[in-house]
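Peer 1: build me a model from this:
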Amino acid sequence: MRLSWMLARCGVSASILAGLGIAMLVSGPVSSNDTLATYRVIDGAISTPLTAQPGDPERGRHLAYARDSGDCTICHAMPLPQREFHGTIGPPLDGIGRRATAGVLRLRLVDPKVLNPATIMPAYYKVEGLFHVLDRYRDKPLLAAQDIEDILAYLLTLTDSSLPQ
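Peer 2: Here you go, the predicted model:
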(Lines give C-alpha, C1' and ligand atoms only; values in the text may rest on other atoms or scores of the structure.)
Protein backbone atom coordinates (compact mmCIF):
# COMPACT_ATOMS: atom_id res chain seq x y z
CA MET A 1 0.00 0.00 0.00
CA ARG A 2 1.28 3.47 -0.76
CA LEU A 3 1.19 6.66 1.28
CA SER A 4 -1.04 8.19 -1.40
CA TRP A 5 -3.61 5.50 -0.61
CA MET A 6 -3.35 6.22 3.13
CA LEU A 7 -3.80 9.93 2.58
CA ALA A 8 -6.66 9.33 0.15
CA ARG A 9 -8.37 7.36 2.92
CA CYS A 10 -8.24 10.58 4.93
CA GLY A 11 -9.64 12.71 2.11
CA VAL A 12 -6.34 14.19 0.91
CA SER A 13 -6.31 14.81 -2.83
CA ALA A 14 -3.56 13.72 -5.20
CA SER A 15 -2.67 17.35 -5.83
CA ILE A 16 -2.01 17.95 -2.15
CA LEU A 17 0.07 14.81 -2.02
CA ALA A 18 2.07 15.90 -5.07
CA GLY A 19 2.55 19.31 -3.52
CA LEU A 20 3.96 17.71 -0.40
CA GLY A 21 6.41 15.74 -2.51
CA ILE A 22 6.05 12.60 -0.42
CA ALA A 23 6.53 9.11 -1.78
CA MET A 24 6.78 5.99 0.29
CA LEU A 25 5.69 2.39 0.48
CA VAL A 26 4.19 0.68 3.48
CA SER A 27 2.93 -2.83 3.93
CA GLY A 28 -0.65 -3.90 3.50
CA PRO A 29 -3.20 -3.51 6.23
CA VAL A 30 -4.08 -6.05 8.86
CA SER A 31 -5.84 -9.13 7.51
CA SER A 32 -9.62 -9.07 7.22
CA ASN A 33 -9.83 -11.98 9.70
CA ASP A 34 -8.91 -9.64 12.55
CA THR A 35 -11.84 -8.24 14.50
CA LEU A 36 -11.52 -4.59 15.43
CA ALA A 37 -11.42 -3.87 19.13
CA THR A 38 -14.27 -1.75 20.37
CA TYR A 39 -13.39 1.57 21.92
CA ARG A 40 -15.11 4.69 23.18
CA VAL A 41 -14.01 8.27 22.70
CA ILE A 42 -14.69 10.26 25.85
CA ASP A 43 -13.53 13.85 26.27
CA GLY A 44 -11.19 13.68 23.27
CA ALA A 45 -9.45 10.48 24.33
CA ILE A 46 -9.60 6.69 24.21
CA SER A 47 -8.57 5.94 27.78
CA THR A 48 -9.05 2.16 27.64
CA PRO A 49 -6.34 0.13 25.86
CA LEU A 50 -7.37 -1.68 22.68
CA THR A 51 -5.75 -4.92 23.91
CA ALA A 52 -5.36 -6.81 27.16
CA GLN A 53 -1.61 -7.10 26.58
CA PRO A 54 0.34 -3.98 27.57
CA GLY A 55 2.21 -2.16 24.85
CA ASP A 56 5.85 -3.04 24.23
CA PRO A 57 7.84 0.21 23.85
CA GLU A 58 10.76 -1.47 22.04
CA ARG A 59 8.45 -3.08 19.48
CA GLY A 60 6.60 0.24 19.24
CA ARG A 61 9.88 2.04 18.53
CA HIS A 62 10.55 -0.36 15.67
CA LEU A 63 7.01 0.08 14.29
CA ALA A 64 7.28 3.87 14.58
CA TYR A 65 10.29 4.07 12.30
CA ALA A 66 9.82 0.99 10.08
CA ARG A 67 8.84 1.89 6.53
CA ASP A 68 6.55 -1.13 6.34
CA SER A 69 4.39 -0.18 9.32
CA GLY A 70 3.75 3.16 11.07
CA ASP A 71 6.69 5.10 9.61
CA CYS A 72 6.00 8.11 11.82
CA THR A 73 9.17 9.79 10.56
CA ILE A 74 7.60 10.36 7.14
CA CYS A 75 5.73 13.28 8.74
CA HIS A 76 7.31 13.80 12.19
CA ALA A 77 10.77 14.56 13.53
CA MET A 78 11.60 11.96 16.15
CA PRO A 79 14.56 11.09 18.37
CA LEU A 80 15.57 8.23 16.04
CA PRO A 81 19.14 8.90 14.89
CA GLN A 82 19.19 5.74 12.74
CA ARG A 83 16.75 7.48 10.39
CA GLU A 84 18.55 10.14 8.40
CA PHE A 85 15.51 12.07 7.16
CA HIS A 86 12.49 13.09 9.19
CA GLY A 87 9.30 14.79 8.05
CA THR A 88 8.22 18.28 8.96
CA ILE A 89 4.51 18.12 8.11
CA GLY A 90 3.46 16.98 11.57
CA PRO A 91 4.72 18.31 14.89
CA PRO A 92 7.99 16.95 16.30
CA LEU A 93 7.38 14.00 18.63
CA ASP A 94 10.22 14.62 21.07
CA GLY A 95 8.66 15.22 24.48
CA ILE A 96 5.24 13.94 23.37
CA GLY A 97 5.14 11.50 26.30
CA ARG A 98 5.19 14.50 28.64
CA ARG A 99 2.84 16.71 26.61
CA ALA A 100 -0.02 14.29 25.88
CA THR A 101 -1.88 11.60 27.76
CA ALA A 102 -2.05 7.97 26.67
CA GLY A 103 -5.74 8.37 25.86
CA VAL A 104 -5.22 11.36 23.58
CA LEU A 105 -2.28 9.72 21.81
CA ARG A 106 -4.29 6.52 21.35
CA LEU A 107 -7.10 8.54 19.71
CA ARG A 108 -4.59 10.34 17.47
CA LEU A 109 -3.36 6.96 16.22
CA VAL A 110 -6.81 5.37 15.90
CA ASP A 111 -8.75 8.27 14.34
CA PRO A 112 -6.97 11.66 14.37
CA LYS A 113 -9.81 13.44 12.55
CA VAL A 114 -11.85 13.31 15.76
CA LEU A 115 -9.38 15.79 17.25
CA ASN A 116 -8.57 17.70 14.05
CA PRO A 117 -10.93 17.26 11.07
CA ALA A 118 -8.40 18.97 8.76
CA THR A 119 -5.48 16.68 9.61
CA ILE A 120 -3.79 14.68 6.87
CA MET A 121 -2.59 12.08 9.39
CA PRO A 122 -4.05 8.70 8.45
CA ALA A 123 -6.42 6.85 10.75
CA TYR A 124 -4.40 3.76 11.60
CA TYR A 125 -7.27 1.83 13.20
CA LYS A 126 -10.42 3.14 11.53
CA VAL A 127 -12.23 1.36 8.71
CA GLU A 128 -15.59 3.15 8.40
CA GLY A 129 -16.37 6.58 7.00
CA LEU A 130 -13.31 6.60 4.72
CA PHE A 131 -13.32 7.65 1.08
CA HIS A 132 -11.77 6.16 -2.06
CA VAL A 133 -10.68 2.90 -0.41
CA LEU A 134 -9.86 0.11 -2.84
CA ASP A 135 -11.94 -3.03 -2.32
CA ARG A 136 -8.92 -5.10 -1.30
CA TYR A 137 -8.23 -2.69 1.60
CA ARG A 138 -11.83 -2.15 2.69
CA ASP A 139 -12.62 -3.05 6.31
CA LYS A 140 -8.92 -3.52 7.18
CA PRO A 141 -7.07 -1.16 9.52
CA LEU A 142 -3.57 -0.01 8.66
CA LEU A 143 -2.24 -1.32 11.99
CA ALA A 144 -3.40 -4.03 14.40
CA ALA A 145 -4.67 -3.08 17.86
CA GLN A 146 -1.47 -4.40 19.46
CA ASP A 147 0.60 -2.31 17.03
CA ILE A 148 -1.30 0.78 18.21
CA GLU A 149 -0.63 -0.10 21.85
CA ASP A 150 3.06 -0.79 21.16
CA ILE A 151 3.56 2.51 19.31
CA LEU A 152 1.70 4.30 22.09
CA ALA A 153 3.96 2.67 24.71
CA TYR A 154 6.99 3.94 22.78
CA LEU A 155 5.59 7.46 22.36
CA LEU A 156 5.00 7.66 26.10
CA THR A 157 8.74 7.09 26.66
CA LEU A 158 9.55 10.23 24.66
CA THR A 159 9.75 12.73 27.50
CA ASP A 160 12.89 14.64 26.52
CA SER A 161 12.16 17.78 24.53
CA SER A 162 15.36 18.02 22.54
CA LEU A 163 15.86 16.12 19.31
CA PRO A 164 19.40 14.98 18.53
CA GLN A 165 21.18 17.17 16.01
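Peer 1: what residues are up against the closest residue to Gly95 other than its chain neighbours?
Peer 2: By the measure of C-beta to C-beta, 6 or more residues apart in numbering, the closest residue to Gly95 outside its immediate chain neighbours is Ser161, 3.7 Å from it. Glycine gets a C-beta too; all of them are placed from N, C-alpha and C. When the contact criterion is C-beta atoms under 8 Å, 6 or more residues apart in numbering, the partners of Ser161 are 94-95, 98.
Peer 1: and if you look at Met121?
Peer 2: Neighbouring residues of Met121 by C-beta under 8 Å, 6+ apart: 10, 75, 90, 108, 112.
Peer 1: the fourth one contacts Leu115, doesn't it?
Peer 2: What that stands for is Arg108. Yes: counting by C-beta atoms under 8 Å, Leu115 is a contact partner of Arg108 at 6.3 Å.
Peer 1: those two: which is more packed in?
Peer 2: For Arg108 versus Leu115, neighbours defined as other C-beta atoms under 10 Å are more numerous around Arg108 (25 against 14).
Peer 1: chain center to whatever helix or strand the more buried one lives in: distance?
Peer 2: Following DSSP states H and E, one finds Arg108 within helix 102-110. Offset of helix 102-110 from its chain centre (C-alpha atoms, centre = their mean, to the nearest Å): 9 Å.
Peer 1: do stretch 142-156 as well
Peer 2: That offset, for stretch 142-156, works out to 8 Å (C-alpha atoms, centre = their mean).
Peer 1: tell me the SS of Glu128?
Peer 2: Assigned with DSSP: H, G, I helix; E, B strand; the rest coil, Glu128 falls in the coil class.
Peer 1: can you count the residues close to it?
Peer 2: Counted with other C-beta under 10 Å, Glu128 comes out at 9.
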